[in-house]
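1. no sequence for this one, just the structure:
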């Protein structure tokens, strides 16, 4: 017992001496600072973990609502883009396609090999990666590769709302064109191949004609060895195949020379996706074996309509005001005799001077789409150049045909009833239903070709009953304009715009930080009190 008391007395004396030592205050301050930092670090780590948890719940549970994945009014009449996994199988052709462009050294090596081997490949670019690698974007344009779209951020398109899809789809090609001024192809590849009809409609609304998937995938992005990549592609090769590769995959560049030489040794021609889909056709999107295809080619050859470019006619594209003006002037035989001597023909001015086309709406351009009501009005005026006119027509010409009543077509405004009646009676255009003409629907270019073919086959029955406006002014009949349709209301704009969980998350995190702060203060006070009663050598000297 005496020995134990002596030991405690010695410890107490040592503690007192320690507390009175010159460096004690500094050591104590450093220790308390360390405790404070530990508390703060714990609070910060906890807050970050909760943020990550809330973010994860948001990503999992924030799929767009059914309303957000409803096709908006302005896109209902637009058919979905065609989804393809391969091209025609009647010719030994294969398309090598490449996604992504963010690992620059590997991507540049891939491009170098393709250029050296003269392979016309198709690249699907991501807008975000193009911003990160502008030199690679310029190299793609310089080497003349075909460019398709692969979204803005490589998002799963099947989880996005219509508004979010409008942001994602087309951003890659828009970014490329803005950076290089180069042309792009109307080809869209959804990341991961995740697509559905809603995505295909959104792609079509953004001007894309094809959703391009694939039927040969060596999964090079997983780090598959070069020999395995080469073996998979060569063993699965077939006519019309579309091969999925990645510009920046670890071993793709190494595998390419063997893939290229192996396919060529097998007799395959390497082409772009556009050339693969086009095959022996004149235009990718026109099948010459169908009635519509024959009509389109006939109208192109007659000069009534122009294709979008050498590869695409633009069958499903809406008809623009400038295109309708050209078609009306050409079909009515009003083209100036020597356009080459006068420079390019201003078809809109010629059409307006002849009374075929009304004055453009304020601020409207030649690229503005026309609706079915506008088309019917122009068709009626074109018919009057062949002597047709409804009973009671005040144009000065004799009536040669009686148009059916349009009273049943409830969506036709009074000022356009005579024109719609004439166009319908001649079979140039048909109502959508017995009670609806479909005035605001947007006619497609293939439909315009069919209508022009009907007009061309319509015989002239007399002198023109169409009176040009005085002094070249536009016709007095007003024309409706196609306004910008309003997107569905609400806050559901995709993954990040409709999360009611965020306000609750902020409150939870704020409350947690306050609680942890109070806990840290209470913990320090508790430590100080315990040291005063335990003989802790670090206790405060009194």
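-> Arrived safely. Please read these numbers as outputs of a predicted model, since none were measured by experiment.
2. pLDDT score assigned to residue 443?
-> We have a pLDDT of 90 for residue 443.
3. just residue 13 next, same as before
-> pLDDT, residue 13: 48.
4. Next: the one 10 residues further on.
-> Here, the pLDDT recorded for residue 23 equals 57.
5. hang on, residue 304 in a strand?
-> No - counting by DSSP: H, G, I helix; E, B strand; the rest coil, residue 304 falls outside a strand, being coil.
6. What's the local residue count around it?
-> 21 (other C-beta atoms under 10 Å). The C-beta positions use only the backbone N, C-alpha and C, and glycine is treated the same way.
7. Start the count at 10 instead of 1 going forward.
-> Shifting the count to begin at 10 puts that one at residue 313.
8. isn't there a strand covering residue 388?
-> No - counting by three-state DSSP, one finds residue 388 to be helix, located in no strand.
9. Go ahead and confirm it touches residue 439.
-> No - if you go by C-beta atoms under 8 Å, residue 388 and residue 439 don't touch, sitting 11.6 Å apart.
10. higher neighbour count, the two?
-> Between residue 388 and residue 439, counted using other C-beta under 10 Å, the more crowded position is residue 388 (26 against 12).
11. quick one: residue 277 from residue 144, how far?
-> Note on residue 277: its distance to residue 144, by C-beta to C-beta, to the nearest Å, is 32 Å.
12. of those two, who's got more company?
-> Using other C-beta under 10 Å, the more surrounded residue of residue 277 and residue 144 is residue 277, with 19 against 9.
13. and the more buried one, what are its phi and psi?
-> phi -90, psi 140 (degrees, to the nearest 10).
14. any idea how far residue 291 is from it?
-> The spacing between residue 277 and residue 291, counted by C-beta to C-beta, is 23 Å.
15. how about low-confidence regions in the stretch 360-509 of the chain?
-> 368-374, 399-416, 476-509 (pLDDT under 70).
16. Please, where are all the helices along it?
-> For the stretch 360-509 of the chain, the helices defined by DSSP state H, counting those that start in this stretch occupy 381-393, 426-434, 454-465.
17. can you redo those as a markdown table with distance to residue 259?
-> Shown next, in a markdown table, are the helices of the stretch 360-509 of the chain (distance: least, C-beta to C-beta, whole Å):
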| stretch | distance to residue 259 |
| --- | --- |
| helix 381-393 | 54 |
| helix 426-434 | 62 |
| helix 454-465 | 45 |
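18. Can you say which of those helices is packed in most?
-> Stretch with highest mean neighbour count among those: helix 381-393 (a mean of 26; mean count of other C-beta atoms under 10 Å).
19. hang on, residue 290 packs against residue 299?
-> No - counting by C-beta under 8 Å, residue 299 is not a contact partner of residue 290; they are 11.2 Å apart.
20. Settle it for me: which of those two has more neighbours?
-> The neighbour count for residue 290 versus residue 299, taken as other C-beta under 10 Å, is higher for residue 290 (17 against 10).
21. if I pick the closest residue to the more buried one other than its chain neighbours, what's in contact with it?
-> Leaving out its chain neighbours, the residue that sits closest to residue 290 by C-beta to C-beta, 6 or more residues apart in numbering is residue 297, at 6.3 Å. If you count contacts by C-beta atoms under 8 Å, 6 or more residues apart in numbering, residue 297 has them with 290-291, 303, 306.
22. Any chance of a markdown table for these, columns distance to residue 281 and pLDDT?
-> Putting the contacts of residue 297 into a markdown table (distance: C-beta to C-beta, whole Å; pLDDT from 0 to 100) gives the following:
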| residue | distance to residue 281 | pLDDT |
| --- | --- | --- |
| 290 | 15 | 90 |
| 291 | 17 | 94 |
| 303 | 26 | 95 |
| 306 | 23 | 96 |
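23. Tell me which two in these are the farthest apart.
-> By the measure C-beta to C-beta, 290 and 303 form the most distant pair in those, at 12.3 Å.
24. hmm, back to that, can I get the buried part of the contacts of residue 297 as one PyMOL selection?
-> Remark: buried members of the contacts of residue 297, expressed as a PyMOL selection using 16 or more other C-beta atoms under 10 Å:
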select buried, resi 290+306
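25. Take the contacts of residue 297 and keep only those in helices.
-> Counting by DSSP state H, the part of the contacts of residue 297 found in helices is 303, 306.
26. Return the member of the contacts of residue 297 nearest to residue 421.
-> Distances from residue 421 to the contacts of residue 297, taken by C-beta to C-beta, are shortest for residue 303, at 31.6 Å.
27. ok, and the closest non-adjacent residue to the closest one?
-> Residue 303 sits nearest to residue 297 (C-beta to C-beta, 6+ apart), 6.4 Å away.
28. now residue 382
-> Among residues not flanking residue 382 along the chain, residue 448 sits closest, at 3.9 Å (C-beta to C-beta, 6+ apart).
29. Enumerate every residue touching that neighbour.
-> Residue 448 sits next to 380-382, 420-422, 489 when contact means C-beta under 8 Å, 6+ apart.
30. could these be laid out in CSV, adding distance to residue 322?
-> Formatted as CSV, the contacts of residue 448 follow (distance: C-beta to C-beta, whole Å):
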residue, distance to residue 322
380, 21
381, 21
382, 25
420, 30
421, 30
422, 32
489, 27
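31. which among these end up buried?
-> Buried residues within the contacts of residue 448, counting neighbours by 16+ other C-beta under 10 Å: 380-382, 420-421, 489.
32. Ends of stretch 255-263, what's the gap?
-> 12 Å (C-alpha to C-alpha, to the nearest Å).
33. Name the residues that touch that stretch?
-> Residues outside stretch 255-263 that contact it (C-beta under 8 Å, 6+ apart) are 107-113, 115-116, 118-120, 122, 132, 229-230, 232-235, 238, 254.
34. Now with 7 Å, please.
-> 107-112, 115-116, 118-119, 122, 229-230, 232-235, 238, 254 (C-beta atoms under 7 Å, 6 or more residues apart in numbering).
35. and what of stretch 310-322?
-> Identification of contacts with stretch 310-322 by C-beta under 7 Å, 6+ apart yields 195, 218, 283, 287, 292-295, 305, 308-309, 323, 332, 336, 339-340, 454, 457-458, 461.
36. got it, and stretch 175-189?
-> Residues from elsewhere that reach stretch 175-189, judged by C-beta under 7 Å, 6+ apart: 134-136, 139-140, 143, 146-147, 150, 156, 158-162, 164, 166, 169, 191, 193, 197, 211-212, 215-216.
37. let's go with 6 Å and repeat that
-> Residues from elsewhere that reach stretch 175-189, judged by C-beta atoms under 6 Å, 6 or more residues apart in numbering: 134-136, 139, 146, 150, 156, 158-161, 164, 193, 211-212, 215.
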